[in-house]
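Asker: Kindly return the folded structure for what I paste below:
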Amino acid sequence: MAHKVMIVDDAAMMRLYISSFISSLPDFKVAAQAANGQDALDKLETTPDIDLILLDIEMPVMDGLEFLRHAKLKTRAKICMLSSVTVQGSPHAAKARELGADGIVAKPSGTVSHDLEEKSGEELASVMRSLVA
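Answerer: Sure thing, here's the model as predicted:
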């Protein structure tokens with residue numbers, strides 16, 4: 001049975017790239033997508049059996065860090081930050097960990113990383129699998 005993933009990113013193209021990548025993994029499937037943290041919280045109400053959330057930080061309405069503050073009360077899904085500002089050792093990465101992020105993978109080429117699969121696919125798949133194991 002495939003693990004259900006929610007993609008939370010304000011960039012529609014990035015959601016498309018992430019979705020395409022996930023569809024190449026036999027053990028995962030996209031169950032929901034959201035354009036910001038508030039949208040994601042609302043979708044957790046209607047899609048309660050999410051196993052993993054891939055979460056951007058910089059988004060309008062509600063950013064990823066604010067979402068983290070609320071999400072741990074609403075879901076048991078593992079949360080992996082997938083953002084251009086969560087490079088290893090950055091203040092954003094540290095704050096995300098402090099707020100309960102289970103994993104962190106940096107987008108390889110900025111906000112909309114068209115080369116996500118090519119440059120970070122192996123790392124992202126590995127982190128995703130370790131979080132749902």
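
Asker: Tell me where this protein has strands.
Answerer: Assigned by DSSP state E, the chain shows strands spanning 3-8, 28-34, 52-55, 78-83, 103-106.

Asker: Out of the ones you listed, which is the most enclosed?
Answerer: Ranked by mean neighbour count, the strands of the chain are led by strand 52-55 with a mean of 28 (mean count of other CB atoms under 10 Å). C-beta coordinates here come from the backbone N, C-alpha and C atoms, glycine included.

Asker: Quick check: mean pLDDT of it?
Answerer: Taken as a whole, strand 52-55 has a mean pLDDT of 96.

Asker: Who are the packing partners of it?
Answerer: strand 3-8, helix 37-46, helix 64-74, strand 78-83, helix 116-132 (3 or more CB pairs under 8 Å, 6 or more residues apart in numbering; DSSP states H and E).

Asker: Buried deepest among these, which one?
Answerer: Neighbour counts (mean count of other CB under 10 Å) averaged over each of the helices and strands packed on strand 52-55 peak at strand 78-83, with a mean of 26.

Asker: Perfect, that will be all.
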